[in-house]
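Visitor: Test case, fold it:
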Amino acid sequence: MEHLNFYYGDNKKKQVIIGNRNITETIAKAKIQTNEIKAMKSKVDDVRMQMNIGEIGETADKIINTIEGNPKKIKRVESFFDYYLPSTINILKRYDEIENQRLISSDSKKFMEHAQKLIEEVEKAFKSQLASMYQNDIVDTDAEMKVLDMMLKSEGLGTSGIETKDNPKEE
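Guide: Below you'll find the model as predicted:
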């Protein structure tokens, strides 16, 4: 069973615990890690990598903000906090190190290309993680919109017809 506990520590900050996970600490750590990722943007030379890193940082912020607003959503993105953030930092640090050494070996070139492709995939994965956090909300709200639209129509109060994913608006 899921437990949501709130308590106040010495610094009077609210602590949120779900199950065995301290959400407050998880978020604080994730913010530090996200800032570390964002800082890598200015360290790398490759413009495409800079863009990917920027997008990763923005998406990570959105995920963190979503969890701060609704801690129960953490179940959908635990791997984001436990694995993806720290692994992304490690890859970016190694990429920066190799890039700064200006190594020209075939192994270093392969590594750089692989890291660039992987960071593009990480960007997509972070965006997918964010979208998955809202999937249930979208489905629930879509159903609520249909019901409200039907009620408005049945009472003669609505004639516009709301477009939903299952009920496209007729023109």
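
Visitor: Distance from the longest helix seen in the chain to the middle of the chain?
Guide: Ordering each helix of the chain by length in residues (DSSP state H) puts helix 106-154 first. Chain-centre distance of helix 106-154: 9 Å, with CA atoms, centre = their mean, to the nearest Å.

Visitor: before we move on, what about stretch 70-83?
Guide: Relative to its chain's centre, stretch 70-83 lies at 9 Å (CA atoms, centre = their mean).

Visitor: repeat for stretch 74-90
Guide: 9 Å.

Visitor: centroid residue for the chain?
Guide: By CA atoms, centre = their mean, the mean C-alpha position of the chain lies nearest to Ile63, the distance being 3.5 Å.

Visitor: Do you know the pLDDT at that residue?
Guide: Note for Ile63: predicted pLDDT of 94.

Visitor: That one belongs to a helix, doesn't it?
Guide: Yes. Per DSSP: H, G, I helix; E, B strand; the rest coil, Ile63 lies within a helix segment.

Visitor: quick one, phi/psi of Val44?
Guide: Main-chain torsions, Val44, degrees, to the nearest 10: phi -90, psi 150.

Visitor: one step back: who are the packing partners of the longest helix of the chain?
Guide: helix 47-69, helix 85-101 (3 or more CB pairs under 8 Å, 6 or more residues apart in numbering; DSSP states H and E). All C-beta spots, glycine's among them, are computed from the backbone N, C-alpha and C.
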